[in-house]
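1. sharing a sequence plus its predicted fold:
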Amino acid sequence: MPVILPVKGVSPSFGKNVFIAPNATIVGDVVIGDDCSIWFNAVVRGDVNSIRIGNKVNIQDGCIIHCTYQKAKTVIGNNVSIGHNAIVHGCTLYDDVLVGMGSIIMDGAEVGSNSIIAAGAVVLENTKIEQGAIYGGVPARKIKDIPQELIQGEIARIANNYILYASWYEDAR
């Protein structure tokens, strides 16, 4: 069973059609929308500040979603995919974002809609990622603008695929 715990009297809440892997951890002030999936070994820890997650969000295996006490909450928009082992900490991800595997997004950063953070990238504190662009590297820098077909071909495709993958675990819900 997943670990789902209240912190200081506040429990996580979940929308419709949410898959939570048996070894995922979700605690505290966390609100998760519809058609989301929290995968194996992922931690969503709203103990020191709030975490708000939109609809059609997948938080893949080993991810850490956290925030900073009295400083930075975490807000994740709709149609967002967060790749394996990524860290999303005290930042804002707008709609239609793909966060690559192993990347780190730090406090106060804002990732604009229709953007991709490349695998292994480090988005430093308070960085503003413009919408419709790919950023990569350490620290993350703009690589190029995203063509419209890549937005549909990658960002939307992956978010939709994870709704399908979660459906394979219907018996685990």
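-> Alright, I've got the coordinates. Numbering: from 1, shown residues only.
2. which other residues reach the longest helix along the chain?
-> Longest helix of the chain, by residue count under DSSP state H: helix 157-167. Here helix 157-167 makes contact (CB atoms under 8 Å, 6 or more residues apart in numbering) with 17, 19, 35, 37, 56-58, 60, 79-81, 96, 98. Bear in mind the C-beta positions are built from the backbone N, C-alpha and C, glycine included.
3. so which of those residues are in strands?
-> 19, 37, 58, 81, 98 (DSSP state E).
4. surely residue 131 touches residue 94?
-> Yes: contact status for residue 131 versus residue 94: in contact at 7.1 Å, counting by CB atoms under 8 Å.
5. neighbour count winner among the two?
-> residue 94 (20 against 16; other CB atoms under 10 Å).
6. gap between the more buried one and residue 6?
-> 29 Å (CB to CB, to the nearest Å).
7. residue 110 too?
-> Residue 110 is 29 Å from residue 6, by CB to CB.
8. ok, the two, which is more surrounded?
-> Set side by side, residue 110 and residue 6 show more neighbours around residue 110, with 17 against 12, by other CB under 10 Å.
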